[in-house]
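kindly generate the corresponding structure for this input.
(2 chains)
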Amino acid sequence: MALDLHKVASSLFGMTNDFAASQETRAENLANAIKIFASANNAKSLKNKVEASKTSWLVAEIVNDFNGKHKPGALPEEFGILATDGSQIDVDRHRGARCYLINIGTVALKYGNNPRAELNSHPLLFSKEEDLAARPDNYIPGREMMVEGSLLGIRRTVEEFKYLAELCAGIPKKDKALALVDGSLIMWGLLSKEYPDYIVDAVLENGILQQMESIWQLNSERQVALASYISFSRSTDVVNALRVLVCPHEKADCDKYCTGVSTEERPCACFDGIRDRDIFWQSLDCDERSDVFASRSRINCTRYGRHRVHFYYIKTFDEIARVEVPEWVANDAELLSLSHSLVINQCYKGQGYPVALSEAHEQAVVTGADRENFYHLMDEYMAGKKLSVTISAKSLSKKTRWV
Amino acid sequence: MEGVNERLGEVIEASTGGFSAQCYKLYELPALGELVKCHYDETEILAVTCGGSTNSFEPGRRPIARGHDETSEDSLYQNNPQLNQLLRSEFGTVVVGFRQEGKYYHYLPSFPVRLHSFVYRCSDEEIIAFGESLEFLILLEGAQCEVPVEELIAACIRRMSVSNGPDSGFSVRAGKKLTEMYSGDYQRLRAILARLR
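Now for the predicted structure:
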């Protein structure tokens, strides 16, 4: 029996009622937040207060200013946009043969006098023991981590960066380009579980940071900005800076001052339910970007070095997006401006979302039918080699439904 | 007409009576009624193009209007270079004969062309040689294609007339052949002749 919508309809109705009831309070909170944001004219003092704060939530580091608005610079006559995206077929533990597939979509677009496009996909199959389990150098049996689920997602991101760096290596000298990835430059996935150091090192130092480094090095003879694009971001880093701003204590310290205080009575409760995008939707004009902030996440501050992730918000014609850039882009006025103007231009070409990212996704996507075909081909090859095609009883029962 | 035996594209669907081909370059379609050929071992299979189309590569991705702020259609393509990779031009053909050991035959070959066969534009010399007999028009008459048969036959004769030249007598021969084919269907004959002017 499929989902019985009749049974869930009343719960859905109740949920929408709750949303509607909270709208009025939220609108009041937002109006108040925008007023506080607009009047925060002492960025230096706020910066110091943020740096001294001890909060239970992530607060944006103020780099220079706080509530400025910046129009995009003029587009270069010639420029390139490089983007990658990925998808995967995870290990199916109901099958005898363990393997996984990562499909990386790559896009290289050249604009100007000789426009051209190269769209490709790179399916990578992993079935060797060293691919299926991550192990430290001084391996002790039982200490390995199986590469599947969220760890496979992380591995995929590393492959996306590898291919992006490869694309960037092909940028001719003196050219200007933007290298774009979907999602965050910060590997939040590494924080979701307690991954051992050898995994973190493999993903960061020997993974994405190595690739970011090689993209950075290209800048000696070219202008290559690296950025990631987060559509409809749920971040609250800037709102949290406002929480610090309104905190009545000289040094905001949630544990010290607010432990045991009810949610509604906290001095910063007026920002509940507000996201950064709500504030910037009202404070920015179309195409403008906000000031640049830095993420104070632990992993970013301790591991990213010169690639420490900074971010700004842009307003496209239909949403606020968060654009993350490494420190070397944030600190270089030309690269920063290049990233801003090219991202905005990409959004116009892509009906609100960067066209290079959307095409990279199209190249990478693995549909349900693709997955079926992949397993069908695998079974065929296995049968051809007289290998038994083992499928678990559970998997089989899902495929052959009976009454 | 460009160079002799210019390669136009590649067969993506084939049957004994016709085949479809995808152009290597977007919009570089042969004209309606043009004579094209494929190789099948030592045999050349000849076909007349019976329609072209340009569509999205993926059936689920419909093209959308993009040019609101563009100054020209050219600039639209310049500013969206990915379109050349995401769109494809295709043309359909009706097989009208074949050539074996230097001799043309104006009826269907024994086998359809192979998938991924290269499709070439026929040269003027080849068009003139094949057009020495107009028996193949009967195959066009029975063709199942999206354009009306009158349009297809007229387009093919017009195209062959250009290769043959005005003083070759080709038009007179074509007129006689049409009169013979449509002796009992004056309306259709008139419709085709009206499209030869």
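
ok, which stretches of chain B are strands?
B:7-15, B:18-23, B:35-40, B:43-56, B:87-100, B:103-105, B:118-121 (DSSP state E).

just for chain A, where's the confidence low?
Along chain A, segments meeting pLDDT under 70 span A:1, A:389-391, A:393-403.

oh sorry, the question was meant for chain B
For chain B (pLDDT under 70), the answer is B:1-4.

centroid-wise, who is the farthest residue in chain B?
Relative to the centre of chain B, the most outlying C-alpha is that of B:Asp69, 35.9 Å out, by CA atoms, centre = their mean.

give me every residue that touches that one.
A:Tyr348 (CB atoms under 8 Å, 6 or more residues apart in numbering or on different chains). (C-beta placed from N, C-alpha, C; glycine too.)

okay if I get the strands of chain B as TSV plus distance to A:Lys49?
Converted to TSV, these look like this (distance: least, CB to CB, whole Å):
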stretch	distance to A:Lys49
strand B:7-15	66
strand B:18-23	64
strand B:35-40	76
strand B:43-56	54
strand B:87-100	55
strand B:103-105	90
strand B:118-121	71
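
and those as JSON lines, adding distance to A:Leu218 and mean neighbour count?
What follows is the strands of chain B, written out as JSON lines (distance: least, CB to CB, whole Å; neighbours: other CB atoms under 10 Å in any protein chain shown):
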{"stretch": "strand B:7-15", "distance to A:Leu218": "37", "mean neighbour count": "17"}
{"stretch": "strand B:18-23", "distance to A:Leu218": "37", "mean neighbour count": "22"}
{"stretch": "strand B:35-40", "distance to A:Leu218": "46", "mean neighbour count": "21"}
{"stretch": "strand B:43-56", "distance to A:Leu218": "34", "mean neighbour count": "21"}
{"stretch": "strand B:87-100", "distance to A:Leu218": "32", "mean neighbour count": "21"}
{"stretch": "strand B:103-105", "distance to A:Leu218": "59", "mean neighbour count": "14"}
{"stretch": "strand B:118-121", "distance to A:Leu218": "40", "mean neighbour count": "21"}
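
A:Lys349: which of the ones you listed is closest?
strand B:87-100 (15.4 Å; CB to CB).

mind giving me the packing neighbours of the closest one?
strand B:7-15, strand B:18-23, strand B:35-40, strand B:43-56, strand B:103-105, helix B:137-141 (3 or more CB pairs under 8 Å, 6 or more residues apart in numbering or on different chains; DSSP states H and E).

hang on, A:Tyr229 in a strand?
Yes. Counting by DSSP: H, G, I helix; E, B strand; the rest coil, A:Tyr229 is part of a strand.

gap between it and B:Lys103?
63 Å (CB to CB, to the nearest Å).

burial of residue 138, as a residue count?
With no chain named, the answer covers chain A. 7 (other CB atoms under 10 Å in any protein chain shown).

that's the wrong chain, I meant chain B
13.

which ones are touching the closest residue to it other than its chain neighbours?
Among residues not flanking B:Ile138 along the chain, B:Met181 sits closest, at 6.9 Å (CB to CB, 6 or more residues apart in numbering or on different chains). When contacts are counted by CB under 8 Å, 6+ apart, B:Met181 touches B:137-138, B:141, B:189.

which of the helices and strands packed on strand B:87-100 sits closest to A:Cys247?
Nearest of these (CB to CB): strand B:43-56, 54.2 Å.

in stretch A:19-31, which residues are buried?
A:29-30 (16 or more other CB atoms under 10 Å in any protein chain shown).

hmm, who's touching it?
A:270-274, A:278-279, A:282.

quick one, phi psi at A:Phe293?
phi -120, psi 170 (degrees, to the nearest 10).

tell me how many other residues crowd the nearest residue to it once chain neighbours are set aside.
For A:Phe293, ignoring the flanking residues on the chain, the nearest one in space by CB to CB, 6+ apart is A:Ala60 at 3.9 Å. A:Ala60 has 25 neighbours, counted by other CB under 10 Å.

how close does A:Ala60 get to A:Pro267?
19 Å.

near chain B, which residues of chain A show up?
A:107, A:109-111, A:115-119, A:348-349, A:351, A:355, A:359, A:362 (CB under 8 Å from any CB of the partner chain).

just the buried ones from these, in PyMOL syntax?
Applying 16+ other CB under 10 Å to the residues of chain A next to chain B, the buried members can be selected in PyMOL as follows:
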select buried, chain A and resi 107+109+110+111+115+117+119+348+349+355+359+362
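
next step: the residues of chain A next to chain B restricted to helices.
A:348-349, A:355, A:359, A:362 (DSSP state H).
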